[in-house]
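Novice: My questions are about this predicted structure, shown below with the sequence.
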Amino acid sequence: MNKRLDLLGLSSELWWADGWPQSATQKTIASGFEALDQELPAGGWPCGALSELLSKQIGIGELRLLIPVMRRLTLQQKTVMLMNPPMLPYGPALASHGVDMNHLILLKASDVFDRLWAIEQCLRSNSLGCILAWLPHTDLRPTVFRRLQLAAQQFEGPSFVFRPMQVHTQACAAALRVLLLPRPQQRLGLRILKRRGPMHSEVLEIELPPSCPSF
Amino acid sequence: MSKLLTDNLWVSFYIDKLALSIAQQNLSLFVKENLSLFPHENKAERQQVALAIHEHGLAYQANQQALDAGVSPGLGKASALSRCPQLLWLPRDLNAETQYLQEQCWWLSRFTPNLCIEDGFLLAEVSRSLKLFGGLEALVEQMLEGFSQVQRSLKLGIAPTARAAIWLSKWQANRNSNQETKSTVFQDITIILDPSQLRQALAGIDIHCLSTHTETAQQSQHLHMMREDLGLFKLKSLWDLPRQSLRQRLGARALLAMDQALGLEADPRIWLQIPETLRLYRELSFWAEESSHLFKLGQVMIEQACAQLKARRLGLMTISFELHHRDRGPVSVIKLGTQTLCDQSKRWSGLWEEHVAKTVLRDPVVGISLCGGATQNMPLASERLFPGPNVIRQTQTALFERLQARLGQSSMFRMLTIAEHRPEMAQRLCELNSQTDYNDHKLNSAKLVSVAIDQSSMGLPRPLWFFEEPIPLIERSKRPYWHGPLALVAGPERIETAWWEGQWFARDYFIASDQHRVLYWIYRNRQHDPASTSLQWFIQGCFG
């Protein structure tokens, strides 16, 4: 079958539903968690595509999940943009995790259209290292994410959108959708809802970088 | 014959029917925005509008549609309109014409600094630019890029003397209008490179070119008479006449002009000075009632301003647009600012687009002026084969400017960490603005410390999410309560400081967990007053 697809020149776009895509064209950045990397297509967070992270509440470890990526990129002198985080990220804590604060920029926009516009502008300009955007709105239309996903294809780094858990039943054009679940003892549960690869049904548990050594 | 005085090479630009071209350009700028002026829906129809420019009440220039309808130059308004009822009858705008020529000068100034304007002719002395721009043909082709809008009516003359270049371009204009040829500019351009050929090349030029060099009415009458009654059409026929009698009839100036054209007399000129301050003004040919109508004109002005900047190798960081209203009230000001010196029209246009989209006009606008801020010398960037960090930094700066243009100045922050025990003071948000360079790593040099703070020196780890205002917690069965009871899992860490600043800062920090296993950073104020018994809990952060 694969040979036939090769002849048609489609082998990079088509793959068996229970296997991984053949091509290695997808650029990724390692998430810093080995167990997670094994489950992500091409072994890391996708670059040049939108990743959607869904969680029920703030503070279950969603920022710590991305700290390895932020640390790596800021040390490479690439700018990481935090767009409309629900609370103020605390610099001393980020710095203690090794993130270079000189390359972190915080953007605040109140209007939802301004937020989406800003995300699109950042993706299209392709001059940042990574984008973390929070969109707590539940009534965004799927076309919005199609547009963002198209813009993300021009972006060389990873781009993450944080959304509330309620929207996990809605369709979304993001290349990767992950549901984040709270777990005790500095751990985080991940359920991959959508990825460019086989279905993934069980919950993956990873150990977060400790924020609290004694616990 | 005395020796030829010159080794210069002059290019003269003459725009035939300039008034008409300017009017048509203005229309094309506004017609799209202001459809009510022209009820025609489709574009092809709109281009067929008959247009005549009048001066002193008489038609001065008319476009092809008007000419076809029988509106010839020299007609009065009533007779013109009777021949062509849908004719657009616009006044000649001399100011706009000189302004247009000046703006073209700024474009040309990137090729040579030696430029001047004389009677509607643009003169550029290019002998020293030939080598740099790859020869005469390549140079002229590059120069013509700036004239793309008037290319069909642009006439060129190239000669070793300025006067000869002017006459050649004008002569060419007359010849073309007689023959109605529609070839490209370069094919029928007359180029004289060798000064010794001047006499031969100029011999065939109409003596009408001397009309601007006569001093008295009598002299111009003589000139007219020579041409019409004596049949002396060409310059050559004048040269055959005795000089003394020519001087008596036409005056010394006309003779001097002829000698200057041949390079026998010096023809010193004053070069055009590019003004020190950037200020452009454009009057609208209609009232703009919505700000979006202004976008295109502003873009054109920005392009001209940037041409001016480029010519002087300057950049600036602020441009302000003043909108003049119909009611002559105070002008509205739109300010554009960049973070770094900029002379790129694309970047300014992007900012202009964002700003103009936000603007609400309080009254229709009748004119726009552009004022540049303080200019500085533009540092020359070294080019690289591959886009390096410099290029990325530039696009990043442009991105931030654009974001700030729409979201406001205080929409983007850099987070500075400071070596300080009080949690609120350990982080400062610093607006990205023009004073601090985005990429300035010295920000955190002396006072501000951004090094990773040693975990062991701090008692407890710090939370990733921080509440700007601590939230007081209620207490239920002696346990702090925040959407459910909280259990203390680590602590306390005592922070006791700042007594020297007069405010007693004494807190015990704990890490607490709720039933969803979310970790919070809470504290209790240690009151300085020992009399109070119950201690208030506050929540200040959340470990994300």
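Specialist: Structure received. Numbering: from 1, shown residues only, chains lettered A, B, ... in the order given.
Novice: where in the stretch 1-150 of chain B is pLDDT low?
Specialist: For the stretch 1-150 of chain B, the stretches with pLDDT under 70 are B:1-6, B:28-48.
Novice: all strands for it, in order.
Specialist: Ranges of strands within the stretch 1-150 of chain B are B:10-15, B:51-55, B:58-62, B:88-91, B:115-118, B:121-125, based on DSSP state E, counting those that start in this stretch.
Novice: before we move on, what about the stretch 301-450 of chain B?
Specialist: B:314-325, B:332-342, B:365-372, B:375-377, B:412-417, B:427-431.
Novice: picking that back up, relative to chain A, which of the strands of the stretch 1-150 of chain B is closest?
Specialist: strand B:115-118 (37.9 Å; Cβ to the nearest Cβ). Bear in mind the C-beta positions are built from the backbone N, C-alpha and C, glycine included.
Novice: coming back round to it: ranking the strands of the stretch 1-150 of chain B by burial, who's on top?
Specialist: strand B:10-15 (a mean of 25; mean count of other Cβ atoms under 10 Å in any protein chain shown).
Novice: re the thing from before, nearest to B:V356, out of the strands of the stretch 1-150 of chain B?
Specialist: Counting by Cβ to Cβ, B:V356 lies closest to strand B:88-91 out of the strands of the stretch 1-150 of chain B; the figure is 26.6 Å.
Novice: rewinding a little: in JSON lines, list the strands of the stretch 1-150 of chain B along with distance to B:H324.
Specialist: Below are those laid out as JSON lines (distance: least, Cβ to Cβ, whole Å):
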{"stretch": "strand B:10-15", "distance to B:H324": "28"}
{"stretch": "strand B:51-55", "distance to B:H324": "24"}
{"stretch": "strand B:58-62", "distance to B:H324": "27"}
{"stretch": "strand B:88-91", "distance to B:H324": "19"}
{"stretch": "strand B:115-118", "distance to B:H324": "27"}
{"stretch": "strand B:121-125", "distance to B:H324": "29"}
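Novice: can you tell me which of those comes nearest to B:E289?
Specialist: Of all the strands of the stretch 1-150 of chain B, the one in closest proximity to B:E289, counting by Cβ to Cβ, is strand B:88-91 (20.9 Å).
Novice: So what touches the closest one?
Specialist: If you take Cβ atoms under 8 Å, 6 or more residues apart in numbering or on different chains as the criterion, strand B:88-91 is touched by B:A23, B:L27, B:V49, B:A50, B:L51, B:A52, B:I53, B:H54, B:E55, B:K77, B:A80, B:L81.
Novice: quick one on the thing from earlier: dump the strands of the stretch 301-450 of chain B into CSV; add mean pLDDT, distance to chain A and mean neighbour count as well.
Specialist: Formatted as CSV, the strands of the stretch 301-450 of chain B follow (pLDDT from 0 to 100; distance: least, Cβ to the nearest Cβ, whole Å; neighbours: other Cβ atoms under 10 Å in any protein chain shown):
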stretch, mean pLDDT, distance to chain A, mean neighbour count
strand B:314-325, 88, 20, 19
strand B:332-342, 85, 13, 18
strand B:365-372, 88, 25, 19
strand B:375-377, 83, 24, 13
strand B:412-417, 86, 4, 21
strand B:427-431, 83, 4, 16
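Novice: Dump these into a markdown table; add distance to A:T143 as well.
Specialist: Conversion of the strands of the stretch 301-450 of chain B to a markdown table gives the following (distance: least, Cβ to Cβ, whole Å):
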| stretch | distance to A:T143 |
| --- | --- |
| strand B:314-325 | 35 |
| strand B:332-342 | 32 |
| strand B:365-372 | 36 |
| strand B:375-377 | 45 |
| strand B:412-417 | 27 |
| strand B:427-431 | 34 |
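Novice: need the contacts of strand B:88-91 in JSON lines with distance to A:F145, can you?
Specialist: Output for those, formatted as JSON lines (distance: Cβ to Cβ, whole Å):
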{"residue": "B:A23", "distance to A:F145": "49"}
{"residue": "B:L27", "distance to A:F145": "43"}
{"residue": "B:V49", "distance to A:F145": "47"}
{"residue": "B:A50", "distance to A:F145": "52"}
{"residue": "B:L51", "distance to A:F145": "50"}
{"residue": "B:A52", "distance to A:F145": "56"}
{"residue": "B:I53", "distance to A:F145": "55"}
{"residue": "B:H54", "distance to A:F145": "59"}
{"residue": "B:E55", "distance to A:F145": "61"}
{"residue": "B:K77", "distance to A:F145": "61"}
{"residue": "B:A80", "distance to A:F145": "60"}
{"residue": "B:L81", "distance to A:F145": "59"}
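Novice: which residues does B:N26 contact?
Specialist: B:N26 makes contact with B:S285, according to Cβ under 8 Å, 6+ apart.
Novice: any idea how far it is from chain A?
Specialist: 33 Å (Cβ to the nearest Cβ, to the nearest Å).
Novice: Quick check: the gap between that residue and A:L140.
Specialist: Distance from B:N26 to A:L140, counting by Cβ to Cβ, to the nearest Å: 44 Å.
Novice: again with B:H56
Specialist: Distance from B:H56 to A:L140, by Cβ to Cβ: 64 Å.
Novice: try B:A124
Specialist: In terms of Cβ to Cβ, B:A124 sits 57 Å off from A:L140.
Novice: Kindly report the same for A:W45.
Specialist: 22 Å.
Novice: can you check B:P480 too?
Specialist: For B:P480 relative to A:L140 (Cβ to Cβ), the value is 36 Å.
Novice: the more surrounded of these two?
Specialist: B:P480 (23 against 17; other Cβ atoms under 10 Å in any protein chain shown).
Novice: Beta-bridge partners for the more buried one, please?
Specialist: B:E475 (DSSP bridges).
Novice: just checking, it touches B:D514?
Specialist: No - using Cβ atoms under 8 Å, B:P480 is not in contact with B:D514; the gap is 9.9 Å.
Novice: now stretch A:105-114, how far from the chain's geometric center?
Specialist: 19 Å (Cα atoms, centre = their mean, to the nearest Å).
Novice: Indicate which one of the strands of the stretch 301-450 of chain B is closest to A:F160.
Specialist: Nearest to A:F160, of the strands of the stretch 301-450 of chain B and by Cβ to Cβ, is strand B:412-417 at 18.4 Å.
Novice: List the pairing partners of that closest one within its sheet, with orientation.
Specialist: Using DSSP bridges, the strands paired with strand B:412-417 are strand A:104-107 (antiparallel), strand B:427-431 (antiparallel).
Novice: Turn these into TSV, including distance to B:L460.
Specialist: Shown next, in TSV, are the strands paired with strand B:412-417 (distance: least, Cβ to Cβ, whole Å):
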stretch	distance to B:L460
strand A:104-107	23
strand B:427-431	16
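Novice: Of the ones you listed, which is nearest A:G98?
Specialist: Nearest of these to A:G98, taken as Cβ to Cβ: strand A:104-107 at 12.2 Å.
Novice: what's in contact with the closest one?
Specialist: By Cβ under 8 Å, 6+ apart, strand A:104-107 touches A:70, A:74, A:79-85, A:89, A:91, A:94, A:118, B:400, B:403, B:407, B:411-415, B:429, B:432.
Novice: what do you get if the cut-off is 6 Å, keeping everything else the same?
Specialist: Residues from elsewhere that reach strand A:104-107 (Cβ atoms under 6 Å, 6 or more residues apart in numbering or on different chains): A:T79, A:V80, A:M81, A:L82, A:M83, B:M412, B:F413, B:M415.
Novice: Check stretch B:260-278 too.
Specialist: B:2, B:4-6, B:105, B:114-116, B:161-164, B:195, B:198-199, B:202, B:256, B:259, B:305, B:311-312, B:372.
Novice: Quick check: B:V126 touching B:S12?
Specialist: No - if you go by Cβ atoms under 6 Å, B:V126 and B:S12 don't touch, sitting 10.9 Å apart.
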